[in-house]
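[1] turn this into a structure:
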Amino acid sequence: MTGNFQTKSNEFKTFLVANSIQPISNKIAIDLGAGHGLQSIPLAEIGFQVFAVDFNRQLLVELEENAKDLNITIVNDDIKRVKYFTSQPELIVCCGDTLSHLANKSEAIDFIENSVRTLGNSGRLILSFRDYSTELTGIDRFIPVKCDSDKILTCVLDYEDEHVQVTDLLHERTDDTWKQKVSSYKKVRLLTSEIVAKLEESGMTIIVNQIINGLTTIVAKK
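    This next block holds a predicted model:
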């Protein structure tokens, strides 16, 4: 449902190049919520030694298959344990709305503080997440995410004070029959203004703050 892997991977590499993000000091990068490698692969391709962290073993198996001979160390663990993986990386990445899957805003703030403490001097932090400051109502709450000849995914959003309840409606075709699967989970209602304020409070300088493919994308430097 993330789209073509190579296309998305190339998009991130283009973003890195456009913003002059490349290995400078110890070449260590930590990709938190690495999934199947949309960020880890291009980071390794431009010369970083990548620690790819995710709790989902199935996705990490896919990453391992995608990585081939690239310099990527796979870590099957909780992204909140960032400070224990390696000391003073020059880059930490947490993309694809991973940040909003933490339990609450307090965990998100702790995550940012731990990431800043873990970074080496002049280290950079890349975050991407969906800004939920504007509450959608009525039929606008129904978001078409992805469709092809065999799958249709629609998300329904219900807003709370600090969370958004997300209900995934997945229709899958098996032979000539369509079947519906429904799942529901909460995401932290992150606001770009609050994340930027916390980064600056923690001593980070905002270099990039823009919307890319519907996600707020931030690059901050220590």
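
[2] looking at the protein, which residue lies furthest from center?
    No residue in the chain sits farther from the centre than D176, which is 35.4 Å out by CA atoms, centre = their mean.

[3] need the contact list for the residue nearest in space to the middle of the chain.
    By CA atoms, centre = their mean, the mean C-alpha position of the chain lies nearest to C95, the distance being 2.1 Å. The contact partners of C95, by CB atoms under 8 Å, 6 or more residues apart in numbering, come to F12, G33, L38, Q39, I126, L127, S128, L215, T217. Bear in mind the C-beta positions are built from the backbone N, C-alpha and C, glycine included.

[4] equivalent analysis for F129, please.
    By CB under 8 Å, 6+ apart, the neighbours of F129 are D97, T98, L99, S100, L190, I195, L215, T216.

[5] which strand residues bridge it?
    T216 (DSSP bridges).

[6] show me the strands in this structure, by range?
    Here the chain has its strands, by DSSP state E, at 28-32, 49-54, 72-76, 91-94, 124-129, 142-147, 151-159, 163-174, 177-188, 205-212, 215-221.

[7] put the alpha carbons of the fourth one into CSV.
    Taking Å, rounded to 0.1, in the frame of the first residue of the first chain, the C-alpha atoms of strand 91-94 are listed here in CSV:
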residue,chain,number,x,y,z
LEU,A,91,21.8,11.3,11.3
ILE,A,92,18.5,10.0,12.8
VAL,A,93,15.5,9.4,10.5
CYS,A,94,11.9,8.7,11.5
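
[8] what sits up against that strand?
    Residues contacting strand 91-94 (CB under 8 Å, 6+ apart): 21, 28-33, 39, 43, 48, 79, 82, 111, 115, 118-119, 123-128.

[9] same thing but at 7 Å, please
    Applying CB atoms under 7 Å, 6 or more residues apart in numbering, the external contacts of strand 91-94 come out as 29-33, 39, 43, 48, 79, 82, 115, 118-119, 123-127.

[10] again, but for stretch 98-115
    Counting by CB under 7 Å, 6+ apart, 32-33, 79-80, 82-83, 92, 125, 127, 129-130, 162, 187-188, 190, 198-199, 202 sit against stretch 98-115.

[11] now list the buried members of the residues you listed.
    32-33, 79-80, 82, 92, 125, 127, 129-130, 187-188, 190, 198-199, 202 (16 or more other CB atoms under 10 Å).
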